[in-house]
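K.L.:
Return atomic coordinates for the entry below.
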Amino acid sequence: MDYIKRSIEDVIKKSDKTFKCVLITGARQTGKSTLLKNLFPEKKYVSFDDPFIEDQAKQNANMFMMLNPPPVVYDEVQRVPELFRYIKIKCDEESKKGLFCLSGSQPFELMKSASESLAGRVSIIELAGLSLREITKDAFNEPFVPTMEYLEKRNKTAKPVSDIWSIIHRGGYPELQDKDIEWSSYYASYVKTYLERDVRQLSAVQNLDDFRRFMVAAAARTGQMVNYANIASEIGKDQTTVKNWMNILEASGIVYLLEPYSNSVLNRAIKTPKLYFRDTGLASYLTRWLTPETLAMGAMSGHIFETFVISEIIKSYSNRGIDYRYCVSYYRGKDKKIVKKDGAEKEIESEIDLIIEENGVLYPIEIKQNSQVSADETAAFTVLDKIEDKKRGMGAIVCLCPQPGMLRENILLIPAWYL
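P.N.:
From the prediction side, this is the model:
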């Protein structure tokens, strides 16, 4: 299979020229090794997936560094935390940039080692799975924001995607872009490898079958608010265990927890985060939606589509080296009133699927899998007008419409393939 150009390449190259050390994190199989081999063919490549090499580095880290000096790529470096001390020493001795490129598939362990040993010396970059832009070979690389300016720029390269449910179902792991690789077998192997390597190393899970059942229960709730008690009841575990296991999924890059928007004015807001699997193919496999057709027509289609859209939007930020955690959130609260026939008022929950904050402006987004939508579905956007120190910007409905458009003066209609 041909190499797929990654949107984040220029960010990594720039960091390599600016910092002495670059650390690429991300979930297993997102293409970290392949990316670094293609970006830096002149640098020696060392993988600690090889047990012999791992043992050498652990037994005598100083000697290993002498035999494998910079500029060098160390892959799966979380296996040898002893090296970080010597990497720090080498960075302090040398004035050159671009000494080390590190990568690994356990973001939590990597971040911990890097923050303790390489603070101020390392650029930490997250590599996600393939975005829709990368899959369709679209070179557009600006972060998504629902404005007319964005749509004007995006319109130059955006092309309709007729088989979007096939893309959603197949997922964003680079290896799966080879159509000869069988989808179900790939994910079966992926889950087995993830459980036996990452889960065992990150936790004291005694029974991997229990954790597998937990993964299935979590996948069935993608696109929904986290309910630890509900999951615990389903799998027969206590809430503390479920919370710890959810932390493992998040730390290893399998899920993302979208935090609720926090502001003292919105005192009726719900404080629970929403759960999103980072790869829709993995979520589909775990919940046994075995074809794109059954997924598109099934009971989970709305939640999976929302998961896909959220994932694409945060990829548009992470692929530019922007920490999206500080600029995306969602809102849900009991502040919308309806009038009943007898004249009595009743408060019901209103929700904004995603809020993007940029330069003090809040951009509300509603996500719908339908092709026909109404501006009335954005009624909750007005909640943001209560926040005096922020401005509500252009809102949008992201859906499966064929072309972008305007629903109201301040509400855009955006196809999912425009993300």
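
K.L.:
Now stretch 409-419: buried residues?
P.N.:
When burial is assessed from 16 or more other CB atoms under 10 Å, stretch 409-419 yields the following buried residues: 411-419. Just so you know, the C-beta spots here come from the backbone N, C-alpha and C atoms, and that holds for glycine as well.

K.L.:
meant to ask about stretch 34-46
P.N.:
Buried residues in stretch 34-46, counted by 16+ other CB under 10 Å: 35-36, 39-40, 43, 46.

K.L.:
again with stretch 160-172
P.N.:
For stretch 160-172, burial by neighbour count (16+ other CB under 10 Å) applies to 161, 164-165, 167-172.

K.L.:
tell me, what residue is most central in this protein?
P.N.:
For the chain, the residue sitting closest to the mean C-alpha position, by CA atoms, centre = their mean, is Arg278 at 4.7 Å.

K.L.:
need the contact list for it.
P.N.:
The neighbourhood of Arg278, defined by CB atoms under 8 Å, 6 or more residues apart in numbering, consists of 27, 128-129, 253-256, 311.

K.L.:
where's it relative to Gly129, distance?
P.N.:
7 Å (CB to CB, to the nearest Å).

K.L.:
joint contacts of the two?
P.N.:
Contact criterion CB under 8 Å, 6+ apart; residues bridging Arg278 and Gly129 by contacting each: Ala27.

K.L.:
pLDDT score assigned to the residue nearest to the centre of the chain?
P.N.:
The per-residue pLDDT reported for Arg278 equals 96.

K.L.:
same check, this time on the one 10 residues further on
P.N.:
The score at Arg288 is 96. That number is its pLDDT.

K.L.:
Just give the number of residues close to it.
P.N.:
A count of neighbours around Arg288, defined by other CB atoms under 10 Å, yields 12.

K.L.:
what about it, helix or strand, and which?
P.N.:
Secondary-structure assignment from DSSP states H and E places Arg288 in no helical or strand segment.

K.L.:
Return the distance of it relative to Asp210.
P.N.:
The spacing between Arg288 and Asp210, counted by CB to CB, is 19 Å.

K.L.:
what does Ala128 give?
P.N.:
Ala128 sits 28 Å away from Asp210, taking CB to CB as the criterion.

K.L.:
Give me the more crowded residue out of those two.
P.N.:
Legend: neighbour count by other CB under 10 Å for Ala128 and Asp210, higher for Ala128 (26 against 14).

K.L.:
What sits closest to the more buried one if chain neighbours are left out?
P.N.:
When the adjacent residues along the chain are set aside, Ala128 lies closest to Lys315, with 4.8 Å between them (CB to CB, 6 or more residues apart in numbering).

K.L.:
now do Asp10
P.N.:
In space, Asp10 is closest to Asn141, 7.9 Å off (CB to CB, 6+ apart).

K.L.:
can you count the residues close to that neighbour?
P.N.:
Tallying neighbours of Asn141 according to other CB under 10 Å, which is how burial is gauged here, yields 17.

K.L.:
and it, what is it in contact with?
P.N.:
So, once contact is read as CB under 8 Å, 6+ apart, Asn141 ends up touching 7, 10, 133, 319-320.

K.L.:
tell me the SS of it?
P.N.:
For Asn141, the secondary structure call by DSSP: H, G, I helix; E, B strand; the rest coil comes out as coil.

K.L.:
Run through the helices of the stretch 151-300 of the chain in chain order.
P.N.:
164-170, 183-193, 200-202, 208-219, 228-235, 239-251, 280-286, 292-297 (DSSP state H, counting those that start in this stretch).

K.L.:
pLDDT score for the closest residue to Tyr187 other than its chain neighbours?
P.N.:
Counting by CB to CB, 6+ apart, Tyr285 is the residue found nearest to Tyr187 once chain neighbours are left out, at 3.9 Å. In the predicted model, Tyr285 carries a pLDDT score of 97.

K.L.:
how near is Tyr285 to Leu412?
P.N.:
The spacing between Tyr285 and Leu412, counted by CB to CB, is 33 Å.

K.L.:
Please read off the pLDDT at Val199 from the model.
P.N.:
Looking at Val199, the pLDDT reads 82.

K.L.:
Same question for Met66.
P.N.:
Looking at Met66, its pLDDT is 90.

K.L.:
Could you tell me whether it really is in a helix?
P.N.:
Yes. Judged by three-state DSSP, Met66 forms part of a helix.

K.L.:
For the stretch 1-150 of the chain, which residues score under the pLDDT cut-off?
P.N.:
Regions of the stretch 1-150 of the chain meeting the criterion pLDDT under 70 cover residues 106-117, 119.

K.L.:
Now do the strands in it.
P.N.:
Taking DSSP state E, counting those that start in this stretch to define them, one finds strands in the stretch 1-150 of the chain at 21-25, 44-47, 72-75, 100-103, 122-126.

K.L.:
For Arg325, which of those is the nearest?
P.N.:
Comparing the strands of the stretch 1-150 of the chain by their distance to Arg325 (CB to CB), the top pick is strand 122-126, with 10.2 Å.

K.L.:
So in that sheet, which strands flank that closest one, and in what orientation?
P.N.:
Neighbouring strands of strand 122-126 in its sheet, by DSSP bridges, are strand 21-25 (parallel).

K.L.:
relative orientation of the longest helix anywhere in the chain and helix 208-219 in degrees?
P.N.:
In terms of residue count, the longest helix belonging to the chain (DSSP state H) is helix 301-318. Using axes from the mean of the first three to the mean of the last three CA atoms, to 10 degrees, the inter-axis angle of helix 301-318 relative to helix 208-219 is 90 degrees.
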